[in-house]
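> Task: produce atomic coordinates for the following.
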Amino acid sequence: MSVDTKVAIKPQIDLAEPPMFKVVYVNDNKTSMQFVIESLVDHFAYVAGTAERIAEIIHEEGAAVAAVLPYEVAEQKGIDVTLDARKNGFPLQIRIEKEEA
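Residues are numbered from 1 along each chain as shown. Down below sits the predicted model:
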């Protein structure tokens, strides 16, 4: 005699949203405002007016958040903007910071 036993297993899956990271532009005295505005439009799809306002904040406050994204995307955006800045002869610095909950 054979007895088939079935065990119902309920997996516990704790799905959490991935942590988000801020892409922060840091002001310097050499990167042109025009380049900052163009990079915000090109890399983050801002319209010109919004990009100008963010560039003004970067200039006035020393830094500003350009976007809040999942880590891999934020990191890649930071790399892309940095490479674009270097290609154009600018020392623009980009920081990636974990967003606090």
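> buried residues in stretch 58-68?
Within stretch 58-68, the residues scored as buried using 16 or more other C-beta atoms under 10 Å are Ile58, Ala63, Ala64, Ala66, Ala67. C-beta here means a position set from N, CA and C on the backbone, and glycine is covered the same way.
> can you redo the residues you listed as a markdown table with pLDDT and secondary structure?
Below are the buried residues of stretch 58-68 laid out as a markdown table (pLDDT from 0 to 100; DSSP: H, G, I helix; E, B strand; the rest coil):
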| residue | pLDDT | secondary structure |
| --- | --- | --- |
| Ile58 | 97 | helix |
| Ala63 | 98 | strand |
| Ala64 | 98 | strand |
| Ala66 | 97 | strand |
| Ala67 | 97 | strand |
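> ok, those vs Gly89, which is closest?
Ile58 (18.4 Å; C-beta to C-beta).
> That closest one contacts Thr31, correct?
No - at 9.2 Å, Ile58 and Thr31 do not qualify as touching, with contact defined as C-beta atoms under 8 Å.
> Okay, Ile79 and Ile94: tell me how far apart.
To Ile94, Ile79 is 8 Å away according to C-beta to C-beta, to the nearest Å.
> Which of these two has more residues huddled nearby?
Higher neighbour count among Ile79 and Ile94: Ile94, with 21 against 12, using other C-beta atoms under 10 Å.
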